[in-house]
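Participant: Just the structure for this:
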Amino acid sequence: MEDKRVTAEQILAEIGIDVERMAQKVADAINNAQAGAIMDQSEEQVRDAHAEFRQKTYQKAISLLEKNQQAFSPSRQSAVNDMEK
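Facilitator: Residues are numbered from 1 along each chain as shown. Okay, the predicted model is just below:
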């Protein structure tokens, strides 16, 4: 049962590039804003970058969980054995 779980390390391995992309979007939003209007001009872009990152992270975590469960599923194993016959 324990092997079906998703670890933080697995998730981090999957989302590494997404973290970098989000950080770049945040940096771009802040750096492209005019002095004195940084929050006003960048807040929405930063919020959107975080929302996109949150969605991708959740989707990848669910996908990892599904893969882990399928890898240890008795029904999947029996289906593989049936195909080999």
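
Participant: secondary structure element for the spatially most central residue of the chain?
Facilitator: Central residue of the chain (Cα atoms, centre = their mean): Thr57, 2.1 Å from the mean position. Assessed by DSSP states H and E, Thr57 sits inside helix 38-71.

Participant: buried ones in that helix?
Facilitator: By 16 or more other Cβ atoms under 10 Å, the buried positions in helix 38-71 come out as 42, 45-46, 49, 53, 56-57, 60-61, 64, 68. No exception for glycine: its C-beta is placed from N, CA and C like everyone else's.

Participant: Kindly report the same for stretch 7-14.
Facilitator: So, applying 16+ other Cβ under 10 Å, buried residues of stretch 7-14: 10-11, 14.

Participant: And stretch 14-22, by the same measure?
Facilitator: 14-15, 18, 22.

Participant: So which helix or strand of the chain has the lowest pLDDT on average?
Facilitator: helix 74-84 (a mean of 58; mean pLDDT, DSSP states H and E).

Participant: what pLDDT, on average, does the helix holding Thr57 get?
Facilitator: For helix 38-71, mean pLDDT is 96.

Participant: For it, name the packing helices and strands.
Facilitator: Helix 38-71 sits against helix 8-32, with contacts defined as 3 or more Cβ pairs under 8 Å, 6 or more residues apart in numbering; DSSP states H and E.

Participant: can you list contacts of the helix it packs on?
Facilitator: 38, 41-42, 45-46, 49-50, 52-53, 56-57, 60-61, 64 (Cβ atoms under 8 Å, 6 or more residues apart in numbering).

Participant: any idea how far Arg47 lies from Lys25?
Facilitator: From Arg47 across to Lys25, the span is 11 Å (Cβ to Cβ, to the nearest Å).

Participant: same deal with Arg54?
Facilitator: For Arg54, the distance to Lys25 - Cβ to Cβ - is 13 Å.

Participant: Pull the number of nearby residues for Ala29.
Facilitator: Ala29 has 19 neighbours, counted by other Cβ atoms under 10 Å.
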